[in-house]
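S.K.: Give me the fold of what follows.
(chains A and B)
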2 protein chains.
Amino acid sequence: MPQYKAPIRDIQFVMHELLNFEAHYDALPAYAGTNRELIDGVVEAAADFCENELSPINHSGDQEGCHFDNGVVTTPKGFKEAYKKYIDLGYPSMSVPVEHGGQGLPGSLGNAVSEMVGTANWSWGMYPGLSHGAVRTVEHHGSPEQKELYLSKLVSGEWTGTMCLTESHAGSDLGIIRTKAEPNADGSYSITGQKIFISAGEHDLADNIVHIVLARLPGAPKGTKGISLFIVPKFNVNADGSVGTRNNVVCGSIEHKMGIHGNATCVIVFEEAKGFLIGPENKGLNCMFTFMNTARIGTAVQGLAASEGAFQGALTYAKDRLAMRSLSGPKALDKEADPIIVHPAVRNMLLTQKAFAEGGRALVYFLSQFADVVEVTEDAEQRKAADDMLSLLTPIAKAFLTETGSESAKHGVQVYGGHGFIAEWGMEQIVRDTRISCLYEGTTEIQALDLLGRKVLSTQGAMLRNFTKIIHKFCEANAGNPAMAEFLQPLAELNKEWGDITTRIGMKAMQNPEEVGAAAVDYLYFSGYVTLAYLWARMVSVSLEKLAGDTTERAFYEAKVKTAQFYFKKLLPRTRSHVATIDTGLEPLMAMDVDQFAF
Amino acid sequence: MPQYKAPIRDIQFVMHELLNFEAHYDALPAYAGTNRELIDGVVEAAADFCENELSPINHSGDQEGCHFDNGVVTTPKGFKEAYKKYIDLGYPSMSVPVEHGGQGLPGSLGNAVSEMVGTANWSWGMYPGLSHGAVRTVEHHGSPEQKELYLSKLVSGEWTGTMCLTESHAGSDLGIIRTKAEPNADGSYSITGQKIFISAGEHDLADNIVHIVLARLPGAPKGTKGISLFIVPKFNVNADGSVGTRNNVVCGSIEHKMGIHGNATCVIVFEEAKGFLIGPENKGLNCMFTFMNTARIGTAVQGLAASEGAFQGALTYAKDRLAMRSLSGPKALDKEADPIIVHPAVRNMLLTQKAFAEGGRALVYFLSQFADVVEVTEDAEQRKAADDMLSLLTPIAKAFLTETGSESAKHGVQVYGGHGFIAEWGMEQIVRDTRISCLYEGTTEIQALDLLGRKVLSTQGAMLRNFTKIIHKFCEANAGNPAMAEFLQPLAELNKEWGDITTRIGMKAMQNPEEVGAAAVDYLYFSGYVTLAYLWARMVSVSLEKLAGDTTERAFYEAKVKTAQFYFKKLLPRTRSHVATIDTGLEPLMAMDVDQFAF
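M.R.: Got it, this is the predicted structure:
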């Protein structure tokens, strides 16, 4: 079992050297004063917690899993104690505004903590993580009374929250949900229906669970425009805020699933449960969409976590495991074979993981700055600009980082050879745990449609041009540096090609809108590779500057440049396949009649 | 849980229409008379057994797993009964020569049975499957006495066999194994050591288990040239062939692993166990290499099985599951949403699975003909030609089909959305079960080195040219058919490119042998895509001929052509990335110092 080691140096590189978070915070009055000392203090304390409290119960939590007995869910050994410590350390309230009882620290700093929590123990991290959506729903859409009753306990972590969206027949397509809400005489609602895949829907970590439930009012319009949001607590809450009688909400069962065994994925049954409308009638999905981007960044973090975790595990083994001699002659003459890190194919897997982990970190933290701006700026124009960037880049980050996280996890197993298949080494757990990240919060295919259809084509390319202009300017600004040429030339070409293929797809889509569906997934991958290329080029630029000066960390910055070279030479060529595939269009996908698929 | 339905029509297409197995058998005196009636009879009977006996215990076997208690392994419910039926139906002896008590049917026909067994229940299939290596070892290298004592019981299936190769420190690199064999006065040997990853190493299906063990004699040369083979039975065998006293062989534990839970992966401990040398001293690895190709084709079947199984499951769900409307307008007006098979991204996943399953079937059956020839021809020249083709294509089939099988399994989960992550649907089991196929019998990276280094470059390209000539001739022979042009043009280009990139790599490798390691995995993928393109083009050629004539199965043949079009348009572009990546060479992989990978 690999012991998690928080990549503090790299987090600092991204936060201070690449993205200058200090200046970013200073430019936002709400976050001014969040200086380097504070940032590093938070990161280091969280690293300690994750390494020493969460990582040690990651594998055992997977092996033990959650237990279900007649509606009661017991989490794996150690989960409850770790959660108590997490509350005591104040993490649940970290990024919540002061006026709602939080510490008012930036969401982006919470994001750094989430990365470490998630890499150390994703299953555990989902318990507090899922509260986030509930907190934000109440924070943004709750009445003053609702805020008073629910928010402080959610913020302190004494209670946790869930988001109850999916029903067994309705996942990606929430417009067809059937859970209903009948108004009661007292202004409350009677909620009846069954929700599935409710992560952290029932557990033994907290005194109460506040479900945010999507349901339909009587006579509500069909489809997504007839969905409302309700607060449905597990235990009714008394007027003084204390936990009251049990509500008619029960956990019917927990799923047996591929991974995240330490997190309870629940069927939650509402039988005339008492609920309270939150936000306007029939506007439930709109209310939720306001923070869907941040939830999706949260899932992107899972992809980054898989790349980082699998990289750490594989690297340890690759240095240690002896097998065969290097093709250019023995390297470890005192040993009976060479450590497998001498073999190019093993290095290829390690460097792929490293490039996705560090590139993914850069992307997630980059995005979190836009999320900060959207959250707290009072300048409408600045907010619009940040929101547009966030809207464009979120589906890329969510889908691309989770898919590449799955790939990295696969390499983790492969580096271990047969041992990778064995549970005790911990590599196969990462494959199983991270597989869900490509499914929940919108599958890869849904993200791809969101990117190409809603974000790019629906804005006539305007959202895309916001970003390609930034890339273009970066290329221009660095054009004078010959050491950057090997990165800038392909980046500039790909950046131009991004616009070109968008135009080509757009033209075809005017003839047949299905062309969007045919191109979307390859388009998303292409976009992901270019986005990471931009961030890797920026990381090179920073590193070259440091190397030109007086630094004691030459090896660190050289490694950045070498990883970027690997990324540009070995991963970026994948764009060639995606472009070629996009250009073959819709027809090969639709030619087959449904009855011809099998005989 | 998907119920397995044997793809009989497609197996028949491959065996009769594409590869003309009747003529193939008639050309080999040992198999003459294996006519279509016999072939179809065997396939249909096996289909029935696999659908009705093995498929129903596939998911339950995964969920229950094997139980270990103090050296005793209990297989999941139903495994023992199914094994009894399998013996009663005579399957273990099917492809064994008549002189060794078998039915003397061709290995390629056994291969068709293996495909169905493996797709229905891979874990179960490994129990009889693993005997194969033991049978062949005794058959080819055993003394007359050893054959008499062990072979008939192995052939009948009353006993099973294993191959004990791996030790905890030595997997890919067998040259460093430590298990030792000390000669006894009576001519037997005393075997001491510990083997791991012994599939079917201990179980409750048979009365005895015959282990074939790699070990070192005293004073044996270092490395692979000092390894000998030994027969070590679980129970000593009396002179009359009956089961005698227990040998000092015990199962120390079974592994907890990602998948194939129904198969016991054992640690086998030999403590001065009684063993018998089989084959010449220190030539153990050579003896095993004689049938390594067929063992690897057996693993290639696992990849094909994953593609087929995941395709069947995904197709059922894609026709049934309703979510969202088609982008070109509603298709199922009577339903609240369209079945997801209308969406191009879903079709892309289904067609990818279908192209890999049917293409993989063609490749495996194509290879099995060469294996037949190697096995029974008395014409040395014919054997050499077949053996060369087998040697070239086996690493391609093994690695490419298992990797694409893993990809297909991934798509199976993805088509199911969140439900794909849930055990009861059976899709995630395929991902877990098939993951081992990229690791055992030589990892993908080992296969890639075998292909590019040993098979292609070591023969100065001669082995490759054997095959590219065949492709070239096929293209020439069909050049007059305009309906084939869309396939022949890209195939001919890729075929030429195959030679070109081989030359480029060969030139670089003369400067630095590590270039082979740097290029090998991409080269293997490239080779796999071209090989399948050739077989898909052949399948089109057959189908077009049928469509030009009078057939009642137009839909079947049209589907073949459409799947080929999909393959050429949507999957073959992947070669572009592999070529581009190959051409960036070794340097980006080796630049990083070992100490620079992490900070």
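
S.K.: Find the helix or strand that residue A:465 is a member of.
M.R.: Using DSSP states H and E, residue A:465 sits in helix A:462-477.

S.K.: Check residue A:163 too.
M.R.: In this assignment (DSSP H and E), residue A:163 forms part of strand A:159-164.

S.K.: is chain B contacted by that strand?
M.R.: No. Using Cβ under 8 Å from any Cβ of the partner chain, strand A:159-164 stays clear of chain B, coming no nearer than 13.5 Å. C-beta: built from backbone N, CA, C; applies to glycine.

S.K.: Could the C-alpha coordinates of that strand be exported in CSV?
M.R.: C-alpha atoms of strand A:159-164 as CSV (Å, rounded to 0.1, in the frame of the first residue of the first chain):
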residue,chain,number,x,y,z
TRP,A,159,-24.5,17.8,10.1
THR,A,160,-23.8,16.7,6.5
GLY,A,161,-25.8,17.3,3.4
THR,A,162,-26.5,15.5,0.1
MET,A,163,-27.8,16.2,-3.3
CYS,A,164,-30.7,13.9,-4.3
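
S.K.: shaky segments in the stretch 51-200 of chain A?
M.R.: Within the stretch 51-200 of chain A, no range satisfies pLDDT under 70.

S.K.: What residue in it comes nearest to chain B?
M.R.: The stretch 51-200 of chain A approaches chain B most closely through residue A:173 (4.1 Å), counting by Cβ to the nearest Cβ.

S.K.: Any figure for the gap between that residue and residue A:227?
M.R.: Separation of residue A:173 from residue A:227 (Cβ to Cβ, to the nearest Å): 12 Å.

S.K.: Between the two, which is the more surrounded one?
M.R.: residue A:227 (26 against 21; other Cβ atoms under 10 Å in any protein chain shown).

S.K.: ok, the closest residue to that one other than its chain neighbours to residue A:139 distance?
M.R.: Setting aside the residues directly before and after it, residue A:227 is nearest to residue A:284 in space (Cβ to Cβ, 6 or more residues apart in numbering or on different chains), at 4.2 Å. Taking Cβ to Cβ as the measure, residue A:284 falls 16 Å from residue A:139.

S.K.: Please apply the same query to residue A:330.
M.R.: Residue A:330 sits 62 Å away from residue A:139, going by Cβ to Cβ.

S.K.: What about the closest residue in space to residue A:134 that isn't next to it in sequence, how many residues nearby?
M.R.: Distance criterion Cβ to Cβ, 6+ apart; nearest residue to residue A:134, sequence neighbours excluded, is residue A:161 at 2.4 Å. For residue A:161, the count of nearby residues is 26 (other Cβ under 10 Å).

S.K.: what's the domain layout of chain A?
M.R.: A:8-288, A:292-442, A:460-589 (automatic domain parsing).

S.K.: what does stretch A:478-495 contact?
M.R.: A:468, A:471-472, A:475, A:529-530, A:533-534, A:536-537, A:540-541, A:544, A:564-565, A:568, A:572, A:575 (Cβ atoms under 8 Å, 6 or more residues apart in numbering or on different chains).

S.K.: ok, now which ones touch residue A:456?
M.R.: A:392, A:463-464, A:502 are the contacts of residue A:456 under Cβ under 8 Å, 6+ apart.
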